[in-house]
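Peer 1: Got a sequence here, can you build the structure:
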Amino acid sequence: MKLKSLFEEKKTVFSFEIFPPKKTSSIQTIYDTLDALSGLSPDFISVTYGAGGNPADRSTVQIASTIKHKYNIEPLAHLTCVNSTHEHIGLILDDLRQNGIENILALRGDINPNIPPQTDYRYACDLIRELNTCGEFDLAAACYPEGHPECPNMEDDILHLKQKVDAGATHLISQLFFDNNDFYNFLYRVREAGIMVPIEAGIMPVTNRKQIERMVSLCGASLPKKFVKIMHRYGDDPAAMQDAGIAYAVEQIVDLISNGVQGIHLYTMNNPLIAHRISQSVASLIRCSNH
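Peer 2: Residues are numbered from 1 along each chain as shown. Alright, predicted model coming up:
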């Protein structure tokens, strides 16, 4: 099933993101995670691209295939192009076809300063345009409520986003954010720019101080005063910080659903316990929204 149909059928789509285990971990760890997550009945599960964007890493396709064929949940396979050639992308597409995977989140991918990027694709829109010519896949793209860290201003960032939609992206998933007003302001500007495809709000429950620092450095998300106070108060107590982080994420989701957001994409960090607690807390709201 192509995911664009979900947004036509439901007022609020609810989905998860997982990532392949590190090379030092057993692949079984992700299947244990999926066993726990599948009972929560998400609308789909996205799988991030193989470690370091290595085109030879098949873990994304393997995990996506398991999600679809073992758990009967639709997968969304991430596909990055910064380290790929047309030939590499063609091989991955063949792999996806053979496994019955119809949905791709097309991304440029992070630039590794130690690995010279390939030159076949410069931006995500180049990949989306090529994939769209196949006509076989439903294509999602990423968006950034506070602007892409590499983009000088929001105006240019929204222009780049429109290029991705014009190239064939049927829905968008946002980078994480901690202030819902940032998302609402972004949504207003995007609609004003004529971008009308469904947009899922990306929510990450932050449950420890190191995770906060890493996420902020990677994606440039700002921390509202309310969240900073929580971090200062509970950051040195792991159990308390976990409870506070979950509560904060739930509060964000409640507000977003109440304001008619088209989807919630929960960055699970491969932690079923956290996903379970959040899902239970908002399940009745999502049911109510979709009836």
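Peer 1: Confidence-wise, which helix or strand of the protein is lowest on average?
Peer 2: Least confident element among the helices and strands of the chain, by mean pLDDT, DSSP states H and E: helix 209-219 (a mean of 77).
Peer 1: residues of the helix or strand following that helix that come out buried?
Peer 2: Following helix 209-219 in sequence order, the next helix or strand is helix 225-234 (DSSP states H and E). Across helix 225-234, burial judged by 16 or more other C-beta atoms under 10 Å covers 227, 230-231, 234. Backbone N, C-alpha and C define where each C-beta goes, glycine included.
Peer 1: Ok, stretch 149-168 next?
Peer 2: 154, 157-158, 160-165, 167-168.
Peer 1: One more: stretch 204-221?
Peer 2: Here stretch 204-221 shows 204-207, 212, 215, 219, 221 as buried, counting by 16+ other C-beta under 10 Å.
Peer 1: Can you lay out those residues as JSON lines showing distance to Ala283?
Peer 2: Formatted as JSON lines, the buried residues of stretch 204-221 follow (distance: C-beta to C-beta, whole Å):
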{"residue": "Met204", "distance to Ala283": "19"}
{"residue": "Pro205", "distance to Ala283": "16"}
{"residue": "Val206", "distance to Ala283": "22"}
{"residue": "Thr207", "distance to Ala283": "20"}
{"residue": "Ile212", "distance to Ala283": "26"}
{"residue": "Met215", "distance to Ala283": "26"}
{"residue": "Cys219", "distance to Ala283": "28"}
{"residue": "Ala221", "distance to Ala283": "26"}
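Peer 1: hmm, back to that, identify all contacting residues around the least confident helix or strand of the chain.
Peer 2: 144, 149, 175-176, 204, 206, 221-223, 231, 235-236, 241, 269 (C-beta atoms under 8 Å, 6 or more residues apart in numbering).
Peer 1: Which residue in these has the weakest pLDDT?
Peer 2: pLDDT across these is lowest for Ala221, at 84.
Peer 1: now the helices for the stretch 151-291 of the chain?
Peer 2: With helices called from DSSP state H, counting those that start in this stretch, the stretch 151-291 of the chain shows them at 154-167, 180-192, 209-219, 225-234, 238-258, 272-289.
Peer 1: For the second one, buried residues please.
Peer 2: Read it as helix 180-192. Quick answer for helix 180-192 (16+ other C-beta under 10 Å): 180, 182-184, 186-187, 189-190.
Peer 1: Mind putting those into JSON lines with pLDDT and distance to Asn99?
Peer 2: Formatted as JSON lines, these follow (pLDDT from 0 to 100; distance: C-beta to C-beta, whole Å):
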{"residue": "Asn180", "pLDDT": "97", "distance to Asn99": "37"}
{"residue": "Asp182", "pLDDT": "97", "distance to Asn99": "37"}
{"residue": "Phe183", "pLDDT": "98", "distance to Asn99": "33"}
{"residue": "Tyr184", "pLDDT": "98", "distance to Asn99": "38"}
{"residue": "Phe186", "pLDDT": "98", "distance to Asn99": "34"}
{"residue": "Leu187", "pLDDT": "98", "distance to Asn99": "34"}
{"residue": "Arg189", "pLDDT": "98", "distance to Asn99": "38"}
{"residue": "Val190", "pLDDT": "98", "distance to Asn99": "33"}
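Peer 1: Good, wrapping up.
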